[in-house]
Structure formats: C-alpha cells, structure tokens
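Undergrad: Just the structure for this:
(chains A and B)
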There are 2 protein chains.
Amino acid sequence: VTERLSLNQITIRQWSLREAVTGCAAAGIGWIGLWRDKVAEVGVDEAARLVRDHGLRVSSLCRGGFFTGMGPDGPTGDGISDTLTAIDEAARLGAEALVLVVGGVVGHDLAGSRRRVAEALDRVVPAATDAGVRLGLEPLHPMQCADRSVLSTLRQALDLAAPYPSSVVGVVVDEFHVWWDPVVEESIAEARDRICGFHVSDQLVPLPHPLLGRALPGSGPIDHRHLRSCVDAAGYDGPIEVEVFNADLWERPGGEVLAEVVDSFRRYVTG
Amino acid sequence: VTERLSLNQITIRQWSLREAVTGCAAAGIGWIGLWRDKVAEVGVDEAARLVRDHGLRVSSLCRGGFFTGMGPDGPTGDGISDTLTAIDEAARLGAEALVLVVGGVVGHDLAGSRRRVAEALDRVVPAATDAGVRLGLEPLHPMQCADRSVLSTLRQALDLAAPYPSSVVGVVVDEFHVWWDPVVEESIAEARDRICGFHVSDQLVPLPHPLLGRALPGSGPIDHRHLRSCVDAAGYDGPIEVEVFNADLWERPGGEVLAEVVDSFRRYVTG
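TA: Now for the predicted structure:
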C-alpha cells in the first residue's frame, strides 16, 4: 500500500537530507520529495549519491519560480536565473518534476502579475526541454495569492501549461491548495497526463495560519480517497507526496513523525 | 462621491446600532449594512424606526444561512428556521438583501454539504418571495470553506441561484472573498442583475488570520477601481458596503474609523 508514498522533506524539516534518506530507506519508502535548501547543505552531487545509494527516487524538487517578482519576504527579482539553476539541479537529482511556485501580486496588478508568469515560463521552457526536466506548475491556495502565488486554481494552471508539451510542463495537484475548488474534479479529469505530482495533507480547522495550517491526512475536512480516485482516474500512477507544513510536527522526533506519515497514508489515502 | 457608500456595521463593531445610525447620518452617509445581533439589542421595530428617522436605508442584513449544519462554533442545525426569521427581519427593516452565509463542510463530505445548501435554499425561497426579500448568496474565501462557507466562488453562486428569479435570489460580490479568482471578471459580467451587493475591503499581507485579515481599501493588493468597474459594467448601481473585519479598527473611537472609511472609499473605490 505504500509503494507510491513519497516523503516530502518539509514534513520532517528537522531532519537533514541524510537523515531523511536514511529514515525513508529504513521504513521501506521508495520516494522522497527534496527541498533545495536541504540539498544545498550537502551539495547536489552528494545529495544525488545519497538518494541513489539508499535505493530512493526523487518525486520532486522544491522549487523554482517566483516569476512575478514578489515573494513572502518582499521583492524577488524575476526568478529566471534561479529557476534555470533549479532546472539543472533537478536534472542532476533525477527528479520527476521541478515544482514551480510562481510568486505573488506586484502592487495592485494581479492581471499583470499573471501575465509576467506566462512570459517567464516561456523563457525557462527551452532549458527544461534541453535538460529533460518536467516543470510542475503548482496552484497554491487563494489565501497565498497576495504573497506567494498568483496561480490559484488547477484550471488556471492547465491554461498556462497548454502551449507546451505535457512532458515539459505539467501540473501538481496538492490537496491543501485545491480541495475546496467547486470544479476540482473536472479540472483533474481535464489535466490527464499533465499531472506530474499529487501531494496530500489535511487542513486544520479552524485554520491557525495561512502557511502552517496543515496536518497529516485524516485530521481535517479533505476527502483523500475521493481526490486520489480522481487523480487515479485521470491516469496518474506516480508517487504521492505527503507534504505537511505543521510546526508541531517539526518539534517532534523525525522517526515518530515518519511512522505517523506512513500510518495516515495507509488509513486515509490508499486504504 | 460617497452617495453609494454604505457602512457595514461590523467595520465599527464597537458602536451600537444607535451610534452607527447617528454617526452615518452626521457624516452624510445614506446607507447602512446591519447585523442581526446589533438589531436584536434594540429590537427589530425600533431598529427600523431609528434607521428611518435618520434618513438612512438598509443595504443588507447580515445574515441567514448555515444550511449545511456546520459553522465556526461547530454543528448548527439546518439553518432553515433561523433563516425564515431573518427573512422576516429583513422585510421589516426594508433591507435591500439578506446576506446568506451557507455553512461549512460536514465531516469529509464537501459535495454532500453543497447539495444540502441547494436543498435548503429551495426551502426558504418561497418565504423570501412572499416577504419581498432578496436573498444574497455570498461566496466566502476558500480559506473559510471548512467552517463557514462551502460556497466558494461567484460562478458557483450563480449556478446555485440560476433556478430562481434574480429578484429573489441574488449574489453578493465581496472583494476580500473573490479578488484572487482567475475568472472573477467573467463571473461578475455573467452575474448581471443577480448582483445585489458589492462589499469592499482589502487584504492584509501577510494574512494574520482567516477572518480578521482585512483592512480598509487601499492597504493591500486588491484593485478596487478595477473590480468596481466590473460591477458597474454588469449593471449594478446600488450601495457599496465597506465591510472590514479588523481587530485594530475595533479598538479605536468609532468616529475616527468612520472618517477613514469615508476617506478610503473616496480615494480607492470611487476616486
């Protein structure tokens, strides 16, 4: 039941990449979702070696993007050169996808910010094509529109991806971000082979924080089996990342958290 | 410039209904959006008299709904009898619309919760028709989907309203809730004479709280002139409510806040 399970590193942020790789291997988990800051701590080549030596594969690398010029810490530049670097890293790590978080609103110009994303995507697609790296456009929850992502729905991501081959530009379906969408089922069905990642987590109720209001599957209102069945029906049979931003989980021993990741995945996602 | 301005009472929650009515009249504001708890403090008939005697009109009454059975404080019942009471109150107050907040997700059943809203709406429409009260379906921000409103987008509200005459079931366009929507412009254009309210406010960045993360127009990423022009082009020429849930504003003298409401409305909404 856990062969599709991937541990997204952010879920156990207290672990170094080496600890995460070792922990996954010991738990029989075959996939890992890497974060660039964790990769940078050991270097890309050493990270690739560690993953390979433990028999793991990389479901995704987080992240490139911030094309609008606005991020949670303020202005960011256009994100192009950083994304090109990330494409190179994703290739060397053999990642199934490079997750793109596109950036927030510049000033009051939401439409212009969205146009800037399309223009920047067009500039990085050739490098991704050359490197054989699949870009994963990830719509983020509308509560993160202002400062992180003007890409807010799956349908919008599909429109953005449409000009490019699905082997180069895909979309990432993250439950926390899209579960509320009245057309999420239709959007997933339309996405078909664009889907290059499926991330599961739950939402805390009441929501304590826009970024950290997540929990392991089973703790909130999200119907994981339903969304997984939609993604399955669309033809996606790749890894499923458990990606949880939760400050309490970060305070606990990583091994304990990993056991709960596996348990919640079995009980609520594939069970 | 302020003839369309309406003060939604929640913006200056520290004021009683009598204080709010007096304050609006003194400031030359012709409209007020009432809340039922404030109305209940003086009684419906006295509230109606106070409003009338000060030459004000009621842009909306907040609120009926909670049809799913789930609210921010837990299970709520089906909301029907409370909404019928609210319809009666709205009629006696001469409100342009009764705002409906439909309720959150029951268990993990988002689709079932949404069906329940449609069924309950169908049960209260006859009473609204008889009373001559217009029901205003208000989509709330997706971050409030779990505990307050499974109605998350304008398009979804339009689908829900479609079986009924627009004179009985309308939609409320609240900037805070819909500004991020990639199809907000098209949805407003489609709404046409369904629009029975336009609420303005801004979003704080970073968002400190899902409910209280609002500010007066001009403090955040929302392009108020743009959205107002969309609503105007759709044919709506009614009152525009400034509706801000902001704990800091609630700590200050109401008169000071009202002056800022007028100023921000002039500068960012109609200016």
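
Undergrad: All the helices of chain A, residue numbers only.
TA: Remark: helices assigned in chain A by DSSP state H are A:17-27, A:36-42, A:44-53, A:80-93, A:110-131, A:154-161, A:175-178, A:184-191, A:224-233, A:247-250, A:254-264.

Undergrad: Tell me which of these sits most buried.
TA: helix A:175-178 (a mean of 25; mean count of other Cβ atoms under 10 Å in any protein chain shown). Just so you know, the C-beta spots here come from the backbone N, C-alpha and C atoms, and that holds for glycine as well.

Undergrad: which outside residues touch it?
TA: With Cβ atoms under 8 Å, 6 or more residues apart in numbering or on different chains as the test, helix A:175-178 has contacts from A:138-141, A:144, A:153-154, A:184, A:187, A:199-203, A:214, A:222, A:224, A:227, A:243.

Undergrad: which residues of the stretch 151-271 of chain A score low on pLDDT?
TA: Scanning the stretch 151-271 of chain A for pLDDT under 70 picks out nothing.

Undergrad: Give me the most central residue, chain A.
TA: By Cα atoms, centre = their mean, the mean C-alpha position of chain A lies nearest to residue A:99, the distance being 5.4 Å.

Undergrad: Quick check: that residue touching residue A:66?
TA: No - assessed by Cβ atoms under 8 Å, residue A:99 is found out of contact with residue A:66, at 11.9 Å.

Undergrad: What is the neighbour count of the residue lying closest to the residue nearest to the centre of chain A once chain neighbours are set aside?
TA: The shortest distance from residue A:99 to any non-neighbouring residue, by Cβ to Cβ, 6 or more residues apart in numbering or on different chains, is to residue A:63 (4.4 Å). When neighbours are counted by other Cβ atoms under 10 Å in any protein chain shown, residue A:63 registers 20.

Undergrad: My read is that residue A:63 contacts residue A:86, right?
TA: Yes - in terms of Cβ under 8 Å, residue A:63 counts as a neighbour of residue A:86; the distance is 7.1 Å.

Undergrad: list the residues that contact both of these two?
TA: The contact lists of residue A:63 and residue A:86 share A:36, A:98, where a contact means Cβ under 8 Å, 6+ apart.

Undergrad: Restrict the contacts of helix A:175-178 to those that also contact chain B, please.
TA: A:141, A:153, A:203, A:222 (Cβ under 8 Å from any Cβ of the partner chain).

Undergrad: The residues you listed into TSV, with extra columns for neighbour count and distance to residue A:193?
TA: Below are those laid out as TSV (neighbours: other Cβ atoms under 10 Å in any protein chain shown; distance: Cβ to Cβ, whole Å):
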residue	neighbour count	distance to residue A:193
A:141	26	25
A:153	25	19
A:203	24	28
A:222	25	24
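
Undergrad: Among the helices of chain A, which comes closest to residue A:207?
TA: Nearest of the helices of chain A to residue A:207, taken as Cβ to Cβ: helix A:175-178 at 10.5 Å.

Undergrad: Only C-alpha atoms, please: export that closest one in PDB.
TA: Written as PDB, here are the backbone C-alpha positions of helix A:175-178 (Å, rounded to 0.1, in the frame of the first residue of the first chain):
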ATOM      1  CA  GLU A 175      -4.900  18.700  -1.900                       C
ATOM      2  CA  PHE A 176      -4.500  21.500   0.600                       C
ATOM      3  CA  HIS A 177      -4.500  24.000  -2.200                       C
ATOM      4  CA  VAL A 178      -7.300  22.800  -4.400                       C
END
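
Undergrad: how many neighbours does residue A:199 have?
TA: 25.

Undergrad: Once you drop chain neighbours, what's closest to it?
TA: residue A:174 (3.9 Å).

Undergrad: next one: residue A:170
TA: That would be residue A:196: by Cβ to Cβ, 6+ apart, it lies 3.1 Å from residue A:170.

Undergrad: check contacts around the one you found.
TA: A:60, A:96, A:97, A:134, A:136, A:170, A:171, A:172, A:238.

Undergrad: cool, residue A:248 as well?
TA: Residue A:248 touches nothing, counting by Cβ under 8 Å, 6+ apart.

Undergrad: Quick check, the residue nearest to residue A:199 in contact with residue A:136.
TA: No - using Cβ under 8 Å as the test, residue A:174 is too far from residue A:136 to be in contact (9.9 Å).

Undergrad: neighbour-wise, which of these two wins?
TA: Neighbour totals were compared for residue A:174 and residue A:136, and residue A:136 leads with 31 against 23 (other Cβ under 10 Å).

Undergrad: Quickly list what's touching both of residue A:174 and residue A:136.
TA: residue A:197.

Undergrad: could you measure the spatially closest residue to residue A:82 that is not a sequence neighbour against residue B:164, distance?
TA: Spatial nearest neighbour of residue A:82, excluding adjacent residues (Cβ to Cβ, 6+ apart): residue A:64 at 6.5 Å. Residue A:64 sits 47 Å away from residue B:164, taking Cβ to Cβ, to the nearest Å as the criterion.

Undergrad: higher neighbour count, the two?
TA: The residue with more neighbours, out of residue A:64 and residue B:164, is residue A:64; 28 against 17, by other Cβ under 10 Å.

Undergrad: Any part of stretch A:259-267 near chain B?
TA: No - interface with chain B: stretch A:259-267 contributes nothing (Cβ under 8 Å from any Cβ), its closest point being 12.9 Å away.

Undergrad: My guess is residue A:184 contacts residue A:227. True?
TA: Yes - using Cβ under 8 Å, residue A:184 is in contact with residue A:227, at 7.4 Å.

Undergrad: Note down every partner strand of the biggest strand by length in chain A and its orientation.
TA: Longest strand of chain A, by residue count under DSSP state E: strand A:57-65. Here strand A:57-65 is paired, per DSSP bridges, with strand A:31-35 (parallel), strand A:98-101 (parallel).

Undergrad: Looking at the ones you listed, which is nearest to residue A:77?
TA: From these, taking Cβ to Cβ, the stretch that ends up closest is strand A:98-101, at 14.4 Å.

Undergrad: what's the spacing between the residue sitting furthest away from the middle of chain A and residue A:70?
TA: Distance to the chain centre peaks in chain A at residue A:108, reaching 27.0 Å (criterion: Cα atoms, centre = their mean). Noted for residue A:108: a distance of 12 Å to residue A:70, by Cβ to Cβ.

Undergrad: Then residue A:138?
TA: Residue A:138 is 17 Å from residue A:70, by Cβ to Cβ.

Undergrad: Show me which of the two is the more surrounded one.
TA: residue A:138 (28 against 24).

Undergrad: which residue packs closest to the more buried one, ignoring adjacent ones?
TA: residue A:172 (3.9 Å).

Undergrad: do you know how far the one you found is from chain B?
TA: 17 Å (Cβ to the nearest Cβ, to the nearest Å).

Undergrad: For that residue, give me its contacts.
TA: A:60, A:97, A:99, A:136, A:137, A:138, A:195, A:196, A:197, A:198, A:199.

Undergrad: if you set the cut-off to 7 Å instead, what comes out?
TA: A:97, A:99, A:136, A:137, A:138, A:196, A:197, A:199 (Cβ atoms under 7 Å, 6 or more residues apart in numbering or on different chains).
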